[in-house]
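Chemist: Show me the folded form of this:
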Amino acid sequence: MKNLTRMRILIQQGVIYFDIIRKKGEMMFKECCPELIPVMNELAKENPHIDKLIQRHAELNKIIDEVEAGREYMEELELEKLKKEKLHIKDEVYQAVLKYKKEKGL
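Modeler: Down below sits the predicted model:
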């Protein structure tokens with residue numbers, strides 16, 4: 001019975017977490033170039049790879065925030081790896097958004 005309760009909680013968290021990912025995905029460009037957010041959202045709907053990258057970026061953002069706030073612990077080297085991965089994802093998504101924008105004439 002305990003496992004079923006955990007599974008229900010995970011499913012509930014999964015649904016909630018997806019909503020958080022969407023909002024955090026928008027945070028990716030909020031500071032540098034907010035005009036790209038609608039283009040990014042449109043691209044994510046059409047491109048599952050970009051959608052997964054946005055989700056991964058949000059996951060990394062959450063983990064990094066938790067560690068930096070002191071709520072989670074992680075070795076410094078591992079934290080730096082996550083930060084680099086997050087930056088690479090942002091670069092890849094940014095390039096894809098610019099290409100998509102150009103192709104669509106937006």
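Chemist: Can you tell me the element the residue nearest the centre of the chain falls in?
Modeler: The residue lying closest to the centre of the chain (Cα atoms, centre = their mean) is residue 58, at 2.5 Å. Secondary structure from DSSP states H and E places residue 58 in helix 48-68.
Chemist: Could I get the buried residue list for the following helix or strand past that helix?
Modeler: As assigned by DSSP H and E, the chain's next helix or strand after helix 48-68 is helix 76-104. Neighbour-count burial for helix 76-104, with 16 or more other Cβ atoms under 10 Å as criterion, is recorded at 79, 82, 86, 89-90, 93-94, 96-97, 100-101. In this view, the C-beta of every residue, glycine as well, is placed from N, C-alpha and C.
Chemist: between the residues you listed, which is nearest residue 37?
Modeler: residue 97 (9.2 Å; Cβ to Cβ).
Chemist: Which per-residue confidence value corresponds to the residue nearest to the centre of the chain?
Modeler: Listed pLDDT for residue 58 reads 88.
Chemist: just residue 20 next, same as before
Modeler: Looking at residue 20, the pLDDT reads 40.
Chemist: Same check on residue 41?
Modeler: 89.
Chemist: Same question for the one 4 residues further on.
Modeler: At residue 45, the predicted lDDT confidence score is 92.
Chemist: which regions of the protein sit below the pLDDT cut-off?
Modeler: For the chain, the stretches with pLDDT under 70 are 1-31.
Chemist: before we move on, could you check phi and psi at residue 71?
Modeler: Reported as degrees, to the nearest 10, the phi and psi values for residue 71 are phi -80, psi -20.
Chemist: cool, residue 73 as well?
Modeler: phi -110, psi 140.
Chemist: Tell me the spacing between it and residue 93.
Modeler: 29 Å (Cβ to Cβ, to the nearest Å).
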